[in-house]
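1. please work out how this folds:
(chains A and B, ligands or ions: 2)
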Amino acid sequence: MNVPTMAELMAQGKQPEVLFWVGCAGSFDDRAKKITKAFVKILNKAKVDFAVLGAEESCTGDPAKRSGNEFLFQMQAMANIEVLNTYEVKKIITACPHCFNTIKNEYPELGGSYEVMHHTQFLKSLLDDGKLTIEGGSYKGRKITFHDPCYLGRANDVYEAPRELIRKLEVELVEMKRCKINGLCCGAGGAQMFKDAEKGDKEVNILRTEDALSVQPDIIATGCPFCNTMMTDGVKNKQKESSIEVMDIAEMIANAQDL
Amino acid sequence: MQYVPNIIFTLLLALGIGFFAKNLKKIKRNIQLGKAIDRKDRSKERWLNMLKIALGQTKLVRRPVSGILHVVVYLGFIIINIEVLEIVLDGVLGTHRLFSFLGGFYGFLIGSFEILALLVLVAVVLFWTRRNVVKIKRFWQKEMTEWPKKDGNIILYFEIVLMSLFLVMNATDVPFQEMQAGNTISQFLAPLFADFSLETNHVIERTAWWLHIAGILIFLNYLYYSKHLHILLAFPNTYFANLNAKGKFENNATVTKEVQTMMDPNADPYAVSENDGAEPEKFGASDVTDLNWVQLMNAYTCTECGRCSSVCPANETGKELSPRAIMMKTRDRLEEVGNNIDANKGVFKDDGKQLLKDYISPEELWACTSCNACVEECPVNIDPLSIIMDMRQYLVMEQSAAPQELNSMMSNIENNGAPWPYNQMDRLNWKDEA
Ligand code: SF4
Ligand code: SF4
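-> Ligands and ions are numbered 1, 2, ... in the order given. Got it, this is the predicted structure:
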């Protein structure tokens, strides 16, 4: 797989157009790594001039900040900004809405101003520029529902890019009752991913999975590695994993084009 | 003697308004106990926000049934106030229906007010039914017992009484009925009083008139003790609301300075920091005075509608957290602090209590997913999430009191640059994995 690093390109005196910020989940989580790879396949197919930071990338600090550890967050942020600025990065693409939000909104004040795009926005722009074509392939005609990640949707008002990509797959896009600004969280945000839930009568991801199941989709599409984990667990909990898949939009696009 | 009613009326009016002004001042003082935050920028967007959200009620009507009912009551409230202006002038000047010189237009005005009054009555009865008969869940949650529950109903009773008095006042005003203009609704009530003498009608009319204006003054003063304060504060609250992307959380400037110094290879580690001698800044919030004034204004503005809690993933799955309760508790504590200051000649005397733990438990705070659903939903742009985050910051930075799993997550980030115990050098391993 062709995945150049910034360091390698710099050694060759090259400056890529975009930096693909992989994120911690995308780097280490087994399920999320598949999303990372699918996205890279698309980038290569569309001949995007990109690079990753590799071992020079570090957590954006989002879970630390949302846990209340502002100090750790800013340490992470400034260290990352130093690396990014050294490479004179201008444009950052990421498949994680949490990284997207943090770098886009919280880094500028700390000295890191970049054009930041969620991968669905970037794929949409590739599509618009004619650098990428999307066909339905094996997804044609299937029923898909999209779960809005909080940090993409409400946090940053991005609702359309992922939906436009999904429609391009020639599928039937069905909306859950709670969608877009009313979308229900998967339960992972605000560092909940890393701890057990407080006492209650249900897990948030189960409630959200029930929302999704009620529209009887073949596939639950997501745009966030954490939502993906939560929804996957939810589907398993409901013993529906043999009939319903949880897929990132990038994976669906890559699969549909047999990448 | 003929001026006695005018004098009584004027005194009553002055008393009602004066008392309210006094309470308003107290609210202002309490809000100013909050920390500074700059919300004076982007005034054009702010005005627009206020016009759209507070005046235009755009967020309310996202829930069509309660939204439209609310718009009816709200329009009724605003428009019928023109009638109150006439009542006030009549009262002070000793006139009767001062504006009637407007002739046909006057009839049109009063006629519209009467229709509105009826619509308000219907809407209010429906509101009452939703609360008490249909028992919509958000009105029956844990924080909606005792005063908050009563408060919700008292306001509705107030409206019913005020609107009925207005209609009765018109129905028993015999000369007004004889004008046959503007009595769109009251003409149907007038027959009820037709058997009474002219004199009795007049007495009823006068009584209704006095009770109506007295009721309004009482209502005005009731606001301070009630969630109904939102009818005023919704305006500044939407004006000063956050305009940035909802995902952007404030960066703490003191921390920025510290981290910058730490990371600067040229910084003199022995340099005296500016803060030396002064008390080190407290991180996050453990009491209302650690919050900023917009957050405190939020607390006074909250109308306890519970829309936020009805969409909160934590609340919906039975967790302790309710964003509405966060706002109500903040207001309760702020009131307590304010009363404490008043009782102690203007200085706060430590009462051994604080917002954290005495009002809001860590369990509530840790249940939040920071999903922004509450913020998106609030019809008056209140931000419960910012309070939750500030309090988490206090728990972690001042008390190191995060849940154990979060501590592990944070030490992973500190040591390996990821929330899990993987080595940073392995970040690109996926590239060569099958
Ligand atoms: S941000 Fe927190 S309090 Fe608000 S709705 Fe989401 S989980 Fe509930
Ligand atoms: S914070 Fe807003 S949505 Fe929640 S109860 Fe108060 S007014 Fe209603």
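
2. mind checking pLDDT for the closest residue to ligand 2 within the stretch 1-150 of chain B?
-> Nearest to ligand 2, among the residues of the stretch 1-150 of chain B, is B:Arg138, at 8.2 Å (Cβ to the nearest ligand atom). Bear in mind the C-beta positions are built from the backbone N, C-alpha and C, glycine included. What the model reports as pLDDT for B:Arg138 is 87.

3. what helix or strand is residue 83 located in?
-> Let's take chain A. Assigning secondary structure by DSSP states H and E places A:Val83 in helix A:70-86.

4. that's the wrong chain, I wanted chain B
-> Per DSSP H and E: helix B:64-93 holds B:Glu83.

5. now the next helix or strand after that helix: buried residues?
-> Per DSSP H and E, the first helix or strand lying C-terminal to helix B:64-93 is helix B:104-132. Buried residues in helix B:104-132, counted by 16 or more other Cβ atoms under 10 Å in any protein chain shown: B:106-107, B:109-114, B:116-121, B:123-124, B:126-128, B:130-131.

6. before we move on, what about stretch B:87-99?
-> B:Ile87, B:Val88, B:Asp90, B:Gly91, B:Arg97, B:Leu98, B:Phe99.

7. kindly report the same for stretch B:321-331.
-> B:Leu321, B:Ser322, B:Pro323, B:Arg324, B:Ala325, B:Ile326, B:Met327, B:Met328, B:Lys329, B:Thr330, B:Arg331.

8. surely the second one and B:Lys142 touch.
-> Yes. At 7.2 Å, B:Ser322 and B:Lys142 qualify as touching, with contact defined as Cβ atoms under 8 Å.

9. how about the residues of chain B near ligand 2?
-> Listed as neighbours of ligand 2 in chain B under the rule Cβ under 6 Å from any ligand atom: B:302-308, B:323-324, B:327, B:377-378, B:380, B:382, B:384.

10. let's see that with 8 Å instead.
-> B:230, B:298, B:301-309, B:323-324, B:327-328, B:374, B:377-380, B:382, B:384 (Cβ under 8 Å from any ligand atom).

11. from those, which land in helices?
-> Those of those mapping onto helices are B:230, B:298, B:301, B:307-309, B:323-324, B:327-328, B:374, B:377, B:384, per DSSP state H.

12. run through chain B and note the low-pLDDT ranges.
-> For chain B, residues meeting the criterion pLDDT under 70 lie at B:1, B:267-279.

13. quick check, central residue of it?
-> With distances taken as Cα atoms, centre = their mean, the residue of chain B nearest its centroid is B:Thr301 (1.8 Å).

14. ranges for the helices of the stretch 151-300 of chain B?
-> Using DSSP state H, counting those that start in this stretch, the helices assigned to the stretch 151-300 of chain B run over residues B:174-179, B:186-193, B:198-222, B:230-239, B:253-263, B:293-301.

15. check the offset of the fifth one from the chain's centre.
-> Here helix B:253-263 is found 37 Å from its chain centre; the criterion is Cα atoms, centre = their mean, to the nearest Å.

16. show me what contacts A:Pro149?
-> A:Pro97, A:Cys186, A:Thr222, A:Gly223, A:Cys224, A:Phe226, A:Cys227 (Cβ atoms under 8 Å, 6 or more residues apart in numbering or on different chains).

17. of these, which is the nearest to A:Glu210?
-> Checking those against A:Glu210 with Cβ to Cβ, the nearest one is A:Cys186 at 12.1 Å.

18. right, and the closest one touches A:Asp233 too?
-> No. Assessed by Cβ under 8 Å, A:Cys186 is found out of contact with A:Asp233, at 9.5 Å.

19. that older thread, can I assume the residue of the stretch 1-150 of chain B closest to ligand 2 sits in a strand?
-> No. Going by DSSP: H, G, I helix; E, B strand; the rest coil, the assignment for B:Arg138 is helix, not a strand.

20. A:Cys186 and A:Asp233: who's more crowded?
-> Just comparing A:Cys186 and A:Asp233: by other Cβ atoms under 10 Å in any protein chain shown the higher neighbour count belongs to A:Cys186, 31 against 19.

21. that one and chain B: what is the separation?
-> 8 Å (Cβ to the nearest Cβ, to the nearest Å).

22. chain neighbours aside, what residue packs nearest to that residue?
-> A:Met230 (3.8 Å; Cβ to Cβ, 6 or more residues apart in numbering or on different chains).

23. for the one you found, which residues are in contact?
-> When contacts are counted by Cβ under 8 Å, 6+ apart, A:Met230 touches A:Cys186, A:Gly187, A:Ala188, A:Met193, A:Val204, A:Asn205, A:Arg208.

24. over to it: give its phi and psi.
-> phi -60, psi -40 (degrees, to the nearest 10).

25. from the ones in helices among the residues of chain B next to ligand 2, list the ones also adjacent to ligand 1.
-> B:Cys308, B:Ser309, B:Pro323, B:Cys374, B:Glu377, B:Pro384.

26. which one of those sits closest to ligand 2?
-> Using Cβ to the nearest ligand atom, those come closest to ligand 2 at B:Cys308, 3.2 Å.

27. distance of the closest residue to that closest one other than its chain neighbours from chain A?
-> Leaving out its chain neighbours, the residue that sits closest to B:Cys308 by Cβ to Cβ, 6+ apart is B:Cys374, at 3.6 Å. B:Cys374 sits 10 Å away from chain A, going by Cβ to the nearest Cβ.

28. looking at the stretch 151-300 of chain B, what residue ends up closest to ligand 2?
-> Closest approach between the stretch 151-300 of chain B and ligand 2, counting by Cβ to the nearest ligand atom: B:His230, at 6.7 Å.

29. what residues are up against the residue lying closest to that residue once chain neighbours are set aside?
-> Leaving aside its sequence neighbours, B:His230 sits nearest to B:Thr303 (Cβ to Cβ, 6+ apart; 4.0 Å). For B:Thr303, the contacting residues are B:Lys227, B:His228, B:His230, B:Ala234, B:Pro379, B:Val380, by Cβ under 8 Å, 6+ apart.

30. in a markdown table: the buried residues of stretch B:87-99, plus distance to B:Ile185.
-> Shown next, in a markdown table, are these (distance: Cβ to Cβ, whole Å):
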| residue | distance to B:Ile185 |
| --- | --- |
| B:Ile87 | 18 |
| B:Val88 | 22 |
| B:Asp90 | 21 |
| B:Gly91 | 23 |
| B:Arg97 | 17 |
| B:Leu98 | 21 |
| B:Phe99 | 18 |
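
31. what about A:Ile220, which helix or strand?
-> Taking DSSP H and E as the definition, one finds A:Ile220 inside strand A:219-222.

32. now B:Lys150
-> Residue-wise, B:Lys150 maps onto helix B:146-171 under DSSP H and E.

33. pull out the buried positions in that helix.
-> Quick answer for helix B:146-171 (16+ other Cβ under 10 Å): B:148-149, B:151-152, B:154-156, B:158-159, B:162-171.

34. that one vs helix B:104-132, what angle?
-> 150 degrees (axes from the mean of the first three to the mean of the last three Cα atoms, to 10 degrees).

35. now helix B:146-171 against helix B:230-239, angle please.
-> Using the same axes, to 10 degrees: helix B:146-171 against helix B:230-239 is 110 degrees.

36. off-centre distance for helix B:146-171?
-> 19 Å.

37. go on, stretch A:230-239?
-> 19 Å.

38. and it, average pLDDT?
-> On average, stretch A:230-239 scores 96.

39. is ligand 1 within reach of that stretch?
-> No. Using Cβ under 8 Å from any ligand atom, stretch A:230-239 never reaches ligand 1; the gap is at least 13.8 Å.

40. A:Gly136 reaches A:Glu172, doesn't it?
-> No. The criterion here is Cβ under 8 Å, and A:Gly136 misses it with A:Glu172 at 10.7 Å.
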